[in-house]
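Visitor: Sequence plus the predicted model coming up.
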Amino acid sequence: MNARDGVIGGPHSALRSAWFTEMSKKLIVVRFDSLTKAPAKTLATLYQLLGEKPFDHDIAAVEADEVEYDQRIGLPGLHRVRKGVSPAEKPLSILPDIYQSYARSNFWDSREENINGVPVI
């Protein structure tokens, strides 16, 4: 979670930095849960926000795996995407106390912290 160069902390810190500046006008946040629970609706909203013509996606055929890359960075299975987009309940992959300490850091879910009106899908 190191904010400068951590795998999670670095991107989280960069997003937070953009969130509270003029760069926020360039942001659209897509929740993972939105994408997995309602992929067609989420993509339609995204295209609308981008001012782009909607594109039909074959949501049932999505599948990917980056075995070599994930092995190289020491995170096997990180980029494995099972076939088809749908929600999947997974057990917590980090210690519960660590999860709880960062659970409140989802600033994009706080209306009070969305002072620049960043779209959150």
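Guide: Noted; the coordinates are in hand.
Visitor: got the phi/psi numbers for the closest residue to residue 109 other than its chain neighbours?
Guide: Using C-beta to C-beta, 6 or more residues apart in numbering and skipping residues adjacent in sequence, the residue nearest residue 109 is residue 120, 7.4 Å away. All C-beta spots, glycine's among them, are computed from the backbone N, C-alpha and C. Torsion angles at residue 120 (phi, psi; degrees, to the nearest 10) stand at phi -120, psi 120.
Visitor: so residue 120 touches residue 114, yeah?
Guide: Yes - with contact defined as C-beta atoms under 8 Å, residue 120 and residue 114 form a contacting pair (7.2 Å).
Visitor: out of the two, which sits in the more crowded spot?
Guide: Set residue 120 next to residue 114 and count neighbours by other C-beta atoms under 10 Å: residue 114 wins out with 17 against 14.
Visitor: Identify the residues contacting that one.
Guide: If a contact means C-beta atoms under 8 Å, 6 or more residues apart in numbering, then residue 114 has 107-108, 120 as its contacts.
Visitor: would you turn the residues you listed into TSV with pLDDT and distance to residue 60?
Guide: Below are the contacts of residue 114 laid out as TSV (pLDDT from 0 to 100; distance: C-beta to C-beta, whole Å):
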residue	pLDDT	distance to residue 60
107	89	34
108	92	29
120	97	26
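Visitor: And those, which is closest to residue 24?
Guide: residue 108 (10.6 Å; C-beta to C-beta).
Visitor: Isn't the closest one up against residue 29?
Guide: Yes - Residue 108 lies in contact with residue 29 (C-beta under 8 Å); the separation is 4.8 Å.
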